[in-house]
Structures are given as structure tokens and as C-alpha cells.
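# Kindly generate the corresponding structure for this input.
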Amino acid sequence: MQATNDDNSIMLIRAEPQSVEAENAQHEALVALRGCKGEVVVFFHGAGVDHACGAAAGSWQRLAARGLRLEVCSAAWQRRHEGEPEAPFVLSSLVRFWHRVATGYRLVCHREAGRGSRQGATWVIIVTAAPSEADSREILELVLAGASLELPLAVIFRDRGCGQLVGEFARGWRQLVDFDLASLYYTLCAEDFEPGIPASPLDREQAGHLCNTARGVICP
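Residues are numbered from 1 along each chain as shown. Coordinates of the predicted model:
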């Protein structure tokens, strides 16, 4: 029987090589490869693109020999490296990542990503990176790519991530509100926090409910 998109899986990896998150991600990829009937894709984004070069590439290449497809975000790669990654890594795009998710690929990932009912309509992205973090801008690009496909998105800014809703950092996120591309929320911020753009506050219980009833959750 031919595999359908529901039989396929995709994993988003933004953790840098040699981190605990990266080690967990490799384990998750192996589990997915063993249990999936169809295609298993690993998509590297942000600092995760460094898995496609140097010593970090070896373990992924061995998994690719067992059927894992390795895709690297072209924009994130070009910011950090010249040329193209070596095979079996191939350049791809955030729009391609979201297209797979939207057409039924099961999202499996480390941290909080992939949780949700899978029956809901909205995709939730949790932003915890402070504006000063090197790849915080790439999280906005991730959301914008999903919005370009008109997917229903909710973005929750949490802890240090709330800083992206004030000052000059909020300008990029404002386009999501101005053009009704996503709903913005914030939680676990300072008591006197005031966002610089329209965003709704959530308490812990409300944020949990939004995640639990979502189509899926991504925590970059």
C-alpha cells in the first residue's frame, strides 16, 4: 500500500550541535525512523544548520543511510556558510517545511514541539528567545513563512521572549497583526509588562489550554 502524507513525519531542529537538545533530537529522529511507515524529514533551521557541516554531520549522515531525509533552511545556511552543504544534506525553505506540515506530515520534535491534539486548527509557536539572541530574527521568519501559506497561527511570547513585543523589536511582529496573519499572546512576563503592539495576555492555564487544543506546538 502506498504511503500517504499521514504516514510521513517531519522534525524541526534549531538546537546547535553538541547541545543536550541536539542529542535528544537525534534520538527522536531514530525513533521516528523506526516507527514511521512513510518518509521522515529532518529540517534544520537557525543554529541547527551547523549540523550539516564538520564533525556534527557524521551521525546524521549515518541516519540518512537508513532512510532519513535531511533538509537545511537555505536562508539560515547562507547567513552562516558559503556554498552548499555536502550530501546527503540538501537546501530547502521554510515555506516547504510549512507546506509539509499543512499537508499532513506528523510533526515530531524535541522540547515542546509537536504536542497538541492534532485535531485542532491552529498552530502554536512559543517564543522564548530574547531579542538580543543571535537567531531571534529567524524565529520571526519561521512564523512569516507559515503565515504566507495562510495557516492559522498563534504566537505565544513567554519569559524573555516578551522583550520582542516592545521597542524596535516589535516592528517585525507588528505586520502579523496589521495584516491579520497571526494572533499574538504573551505569558509569564513581568507584572508591569506592556506590549508595544496589540497582543493579549494569557495566564498559565489559558496558555496550556491553547497549546493542548492546537493542531501542533513548536517551541523554537
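
# List the buried residues for the longest helix anywhere in the chain?
Looking across the chain with DSSP state H, the single longest helix is helix 20-35. By neighbour count on 16 or more other Cβ atoms under 10 Å, the buried set for helix 20-35 is 22, 25-26, 28-29, 32-33. C-beta: built from backbone N, CA, C; applies to glycine.

# So what touches that helix?
When contacts are defined by Cβ atoms under 8 Å, 6 or more residues apart in numbering, helix 20-35 is touched by residues 9, 11, 13, 15-16, 40, 42, 48, 51, 56, 59-60, 63, 66-68, 108-111.

# ChimeraX command for the buried members of these?
Remark: buried members of the contacts of helix 20-35, expressed as a ChimeraX selection using 16+ other Cβ under 10 Å:
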select :9,11,13,15,16,40,42,48,51,59,60,63,68,108,109,110,111
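
# Run through the residues that contact residue 105.
So, once contact is read as Cβ under 8 Å, 6+ apart, residue 105 ends up touching 5, 8-10, 41.

# Quick check: which of those has the minimum pLDDT.
Across these, the bottom pLDDT score, 63, is held by residue 5.

# Could you list the domains of this protein?
Domain assignment of the chain by automatic domain parsing yields the ranges 5-107, 123-218.

# how far does the last one stretch from start to finish?
Taking Cα to Cα, to the nearest Å as the measure, domain 123-218 stretches 8 Å from start to finish.

# Number the residues from 31 up from this point.
Sounds good: first residue 31 from here, last item domain 153-248.

# all helices of this structure, in order?
So, for the chain - with DSSP H - the helices run 50-65, 87-94, 104-110, 124-132, 166-178, 200-208, 234-242.

# what packs against the second one?
Spelled out, it's helix 87-94. helix 50-65 (3 or more Cβ pairs under 8 Å, 6 or more residues apart in numbering; DSSP states H and E).
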